[in-house]
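S.K.: Dropping the sequence and predicted coords here.
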Amino acid sequence: MSTASTPATAVKAVTPALTPLETYINFFKQHESFLKFVIFLAIVWFGYVKFVDYQDKHATAQEKIASVAAVQAAQQAAQAQTNSDRLLAQYQADNALLIKTIAARAVATQQQQQTDRTAPLPDVAVRISTLAGFDAAAKLTVADGGVTFNEAATRETAVALEQVPQLQADKAALTKMVAEGNASNTACQATVVAKNAEIDKNDKANKAEVQQLKDDARKSKIKWFLRGYVAGLLTRPFVKMVTGI
């Protein structure tokens, strides 16, 4: 009695399901070189961004410093000009008043001197007593068209006349002082003009420095962009070799 053989059934191996963590680990192992390169590029890019940001902030800080210096220079120039104008106006006003007062006194003196030349002697004697500061009625004697000074009147007149040389010297010194003041004022004005020119020059230099900083910052950004672009082109073959894409 023959027995029919039963064909053997093939057993299919069942691959156990991977956990999400195992899936990520396998992916990292399979693409380890590519991921390292990506991380390297990320680090390089991060450093590049930080460097460009530092350069930009540094240029901005320098620009602000230059701008502040330019503004301060302009403010100092304006303040110096204001102070100079105020002092000049005050000096000119005081000088004009002094000149006017001196001129008025000179006219009055000349008129009085002309009167003294033609006035009767008793009137001249009274004028002398007024200038010397004594009582004409008590110390002067008028007789026969003449005038007699007693001892006290004579001495007081001499004392009063002693002031004339002093007053003349004071007048000469004052005239010299006014002339020197005018010369100093002219020199001061010249100094202010020169200082304003210097401040204007510094202001232009500060503005030029600000513009140069802006240009340097812009050129720096362009240079680093081009460097990054060239670096990307140079590393492309390596990426292809590592990743096969």
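M.R.: Perfect, I can see it now.
S.K.: how many neighbours does residue 45 have?
M.R.: Neighbours of residue 45 under the rule other C-beta atoms under 10 Å: 13. Bear in mind the C-beta positions are built from the backbone N, C-alpha and C, glycine included.
S.K.: Kindly report the same for residue 125.
M.R.: Neighbours of residue 125 under the rule other C-beta under 10 Å: 22.
S.K.: which helices and strands sit right next to the helix or strand hosting it?
M.R.: Applying DSSP states H and E as the criterion places residue 125 in helix 121-132. Counting by 3 or more C-beta pairs under 8 Å, 6 or more residues apart in numbering; DSSP states H and E, the packing neighbours recorded for helix 121-132 are helix 32-118, helix 136-139, strand 140-143, strand 146-149, helix 151-161.
S.K.: who wins for proximity to residue 212 among the ones you listed?
M.R.: Among the helices and strands packed on helix 121-132, helix 32-118 comes nearest to residue 212, with 8.9 Å by C-beta to C-beta.
S.K.: Return the angle between stretch directions for the closest one and helix 121-132.
M.R.: 150 degrees (axes from the mean of the first three to the mean of the last three C-alpha atoms, to 10 degrees).
S.K.: Show me what helix 32-118 packs onto, helices and strands only.
M.R.: When contacts are defined as 3+ C-beta pairs under 8 Å, 6+ apart, helix 32-118 packs onto helix 121-132, helix 163-243.
S.K.: Could you give the average pLDDT over the last one?
M.R.: Averaging the model's pLDDT scores along helix 163-243 yields 75.
S.K.: The shortest one too?
M.R.: Per-region confidence: helix 121-132 scores 87 on mean pLDDT.
S.K.: Centre of the chain to it, how far?
M.R.: In terms of C-alpha atoms, centre = their mean, to the nearest Å, the centre of helix 121-132 is set 64 Å apart from its chain centre.
S.K.: how much space between residue 90 and residue 175?
M.R.: Relative to residue 175, residue 90 is positioned 21 Å away (C-beta to C-beta, to the nearest Å).
S.K.: and stretch 164-181, C-alpha only, in PDB?
M.R.: Output of stretch 164-181 as PDB, limited to C-alpha atoms (Å, rounded to 0.1, in the frame of the first residue of the first chain):
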ATOM      1  CA  VAL A 164      44.700 167.500  34.700                       C
ATOM      2  CA  PRO A 165      47.800 165.500  33.800                       C
ATOM      3  CA  GLN A 166      46.300 162.400  35.400                       C
ATOM      4  CA  LEU A 167      43.100 162.800  33.400                       C
ATOM      5  CA  GLN A 168      45.100 163.400  30.300                       C
ATOM      6  CA  ALA A 169      47.100 160.200  30.900                       C
ATOM      7  CA  ASP A 170      43.900 158.300  31.700                       C
ATOM      8  CA  LYS A 171      42.400 159.500  28.500                       C
ATOM      9  CA  ALA A 172      45.500 158.400  26.500                       C
ATOM     10  CA  ALA A 173      45.400 155.000  28.200                       C
ATOM     11  CA  LEU A 174      41.700 154.600  27.600                       C
ATOM     12  CA  THR A 175      42.200 155.500  23.900                       C
ATOM     13  CA  LYS A 176      45.000 153.000  23.700                       C
ATOM     14  CA  MET A 177      42.800 150.400  25.500                       C
ATOM     15  CA  VAL A 178      39.900 151.000  23.000                       C
ATOM     16  CA  ALA A 179      42.300 150.600  20.100                       C
ATOM     17  CA  GLU A 180      43.800 147.400  21.500                       C
ATOM     18  CA  GLY A 181      40.200 146.200  22.200                       C
END
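S.K.: From the chain's centroid, how far away is that stretch?
M.R.: With C-alpha atoms, centre = their mean as the basis, stretch 164-181 stands 40 Å off its chain's centre.
S.K.: can you start the count at 59 instead of 1 from here on
M.R.: In the new numbering, first residue 59, that becomes stretch 222-239.
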